[in-house]
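J.: Build me a structure from this.
(chains A and B)
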Amino acid sequence: ELKVEQNPLFLSMQEGKNYTIYCNYSTTSDRLYWYRQDPGKSLESLFVLLSNGAVKQEGRLMASLDTKARLSTLHITAAVHDLSATYFCAVARAHHGGSQGNLIFGKGTKLSVKP
Amino acid sequence: DTGVSQNPRHKITKRGQNVTFRCDPISEHNRLYWYRQTLGQGPEFLTYFQNEAQLEKSRLLSDRFSAERPKGSFSTLEIQRTEQGDSAMYLCASSPEGSGRLIGELFFGEGSRLTVL
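T.: Just a heads-up that it's a prediction; the model follows:
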């Protein structure tokens, strides 16, 4: 059974610091996603990673994927308060019919950036 | 607003009552998903529609749950004889059929929060 584990689950950072969130998954998958969720709000898609070695960057966030290690990282550079949110990684079930949207989510990393 | 729309946003009901949630996906998206999210957890897949056909159902979707998408546009999720364990956020998402970057990328609504007393 596909499992997705994120760590840490809670992260308190100071503004200006760097940190990395880790996402491990247990079986082969061909797609990994990172989402952001603000309290009481919807999930916002951040990155879609499709291949081994994929690296994507948007602003202060950079995501990478190592399919051999079954590991993705979300790196935060010079954190600012606006990045405070919960970040989820999600992995697609491999060869799972045609839906492509049957995702297994991690429990999320609640990030708090303090001045 | 062309995003995924869900209503009601919050429903409080007594145990044993039936509730229904509605989801209007992004208009050009033919794929629609329901997920459930409980406090402190990530979303869990419930079911998937491609157009009007329900193609996947999770074992989480007990026989008290039924979802429809009668004309391939909006969808409803009904929970009969609600239990306190049904209290959760019910999220709807849609995605286009396609390839490349958008493949499987889900666009979520803001959810319908159910509280069962």
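J.: so how far is chain B from A:P8?
T.: Using Cβ to the nearest Cβ, to the nearest Å, we find A:P8 at a distance of 14 Å from chain B. In this view, the C-beta of every residue, glycine as well, is placed from N, C-alpha and C.
J.: Tell me who's in contact with A:N24.
T.: The contact partners of A:N24, by Cβ atoms under 8 Å, 6 or more residues apart in numbering or on different chains, come to A:V4, A:E5, A:Q6, A:R70, A:L71.
J.: just A:T77 next, same as before
T.: Contact analysis of A:T77 by Cβ under 8 Å, 6+ apart lists A:N18, A:R60, A:L61, A:M62.
J.: Pull out the buried residues from the contacts of A:N24.
T.: The neighbour-count test (16 or more other Cβ atoms under 10 Å in any protein chain shown) applied to these identifies A:V4, A:Q6, A:R70 as buried.
J.: Spatially nearest residue to the first one (excluding sequence neighbours)?
T.: Spelled out, that is A:V4. Take A:V4 and drop its neighbours on the chain: the residue closest to it by Cβ to Cβ, 6 or more residues apart in numbering or on different chains is A:G106, 4.3 Å away.
J.: any idea how far the one you found is from B:S73?
T.: 32 Å (Cβ to Cβ, to the nearest Å).
J.: do the same with B:E44
T.: 25 Å.
J.: now, which of the contacts of A:N24 sits nearest A:V48?
T.: Taking Cβ to Cβ as the measure, A:V4 is the one of those closest to A:V48, at 15.4 Å.
J.: For that closest one, report the pLDDT, please.
T.: Each residue has a pLDDT score; the one for A:V4 is 95.
J.: Next: B:Y90.
T.: Taken from the predicted model, the pLDDT recorded for B:Y90 is 97.
J.: Give me the three-state assignment for it.
T.: On the three-state scheme (DSSP: H, G, I helix; E, B strand; the rest coil), B:Y90 is labelled strand.
J.: still on that earlier bit, make JSON lines from the buried ones among the contacts of A:N24 and add secondary structure and distance to A:C89 to it.
T.: Rendered in JSON lines, the data for those read as follows (DSSP: H, G, I helix; E, B strand; the rest coil; distance: Cβ to Cβ, whole Å):
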{"residue": "A:V4", "secondary structure": "strand", "distance to A:C89": "6"}
{"residue": "A:Q6", "secondary structure": "strand", "distance to A:C89": "6"}
{"residue": "A:R70", "secondary structure": "coil", "distance to A:C89": "11"}
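J.: Quickly check the contacts of A:N24 for the two that are furthest apart.
T.: A:Q6 and A:R70 (13.0 Å).
J.: Provide the count of other residues in contact range of the nearest residue to A:G40 once chain neighbours are set aside.
T.: Leaving aside its sequence neighbours, A:G40 sits nearest to B:E110 (Cβ to Cβ, 6+ apart; 7.9 Å). When neighbours are counted by other Cβ atoms under 10 Å in any protein chain shown, B:E110 registers 18.
J.: is it true that B:E52 touches B:S75?
T.: No. B:E52 sits out of contact with B:S75 when judged by Cβ atoms under 8 Å, with a separation of 9.3 Å.
J.: anything in contact with each of these two?
T.: In the contact map built from Cβ under 8 Å, 6+ apart, the residues linked to both B:E52 and B:S75 are B:R69.
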